[in-house]
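Peer 1: this is a predicted model, with the sequence first.
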Amino acid sequence: NDFIGAEKGYNPFAQDNFWLQHCLWGFRRKATEVIANLRSFLDQLHGLGCRHFLVSDLPFTSAVPALKVARVAKVDKRGQWLNDRLGEMLEDFRASCEHGRVDVGHVREVPALNSLIAECDHRSKVKKMFVSDRFHPTDETHRRLAQAVASKVPIVG
């Protein structure tokens, strides 16, 4: 499950797919569900033998042009809360797998994205960092984000 309804083709009329509710008055409930789904996914991967995990923040931030208007709904504060819960879940996952030796990395994508946006001297440059939906980063932005966080990712092996 996600906030904006990708799983149901972004159809706001599909049952339980009203993204505005998920981002506003139903935020904590939906965020808790998203974190639980991520945890379940990690548990399943661990059960299949995976031992190295790298999980990125959820980019719930006004740095994303499509979410800029959501500043009035405290999107940045909500995003920080969400990613703090994600960090707690990852710590809990790591602790629960203690005997199975796992490596868990948490990529702080939001600060990296905020830094990239801050480097732009004009709004038109920010727009070019995202595809036409103004929500998803371009390949170039993904590349720059990867470079920004690469030095913070431990090398295993």
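Peer 2: Now that the structure is in, tell me what you want to look at. Residues are numbered from 1 along each chain as shown.
Peer 1: secondary structure element for Asn37?
Peer 2: If you go by DSSP states H and E, Asn37 is part of helix 27-47.
Peer 1: correct me if wrong: Phe53 contacts Leu42.
Peer 2: Yes. Contact criterion Cβ atoms under 8 Å: Phe53 and Leu42 qualify, at 6.2 Å. Yep, even glycine has a C-beta here, placed from its N, CA and C like the rest.
Peer 1: looking at these two, which is more packed in?
Peer 2: Using other Cβ atoms under 10 Å as the criterion, Phe53 and Leu42 rank with Leu42 on top: 21 against 18.
Peer 1: just give the closest residue to the more buried one, not the sequence neighbours.
Peer 2: Phe93 (5.4 Å; Cβ to Cβ, 6 or more residues apart in numbering).
Peer 1: equivalent analysis for Asp92, please.
Peer 2: Here the residue nearest Asp92, using Cβ to Cβ, 6+ apart, is Arg39, at 7.8 Å.
Peer 1: can you check Asp103 too?
Peer 2: His52 (4.7 Å).
Peer 1: what does that neighbour show for phi and psi?
Peer 2: phi -130, psi 120 (degrees, to the nearest 10).
Peer 1: and Gly105, by the same measure?
Peer 2: Torsion angles, degrees, to the nearest 10, at Gly105: phi -110, psi 140.
Peer 1: tally of neighbours for it?
Peer 2: For Gly105, the neighbour count with other Cβ under 10 Å is 16.
Peer 1: just the pLDDT for it.
Peer 2: Per-residue confidence at Gly105 stands at 88 (pLDDT).
Peer 1: for it, list each beta-bridge partner.
Peer 2: For Gly105, the beta-bridge partners are Leu54 (DSSP bridges).
Peer 1: is it in contact with Phe53, as I believe?
Peer 2: Yes. Judged on Cβ under 8 Å, Gly105 makes contact with Phe53 at a distance of 6.9 Å.
Peer 1: assign a three-state SS to the most centrally placed residue in the chain, would you?
Peer 2: By Cα atoms, centre = their mean, the chain has its centre lying nearest to Leu58, at 1.1 Å. Following DSSP: H, G, I helix; E, B strand; the rest coil, we place Leu58 in the coil state.
Peer 1: quick one: it from Asp121, how far?
Peer 2: To Asp121, Leu58 is 28 Å away according to Cβ to Cβ, to the nearest Å.
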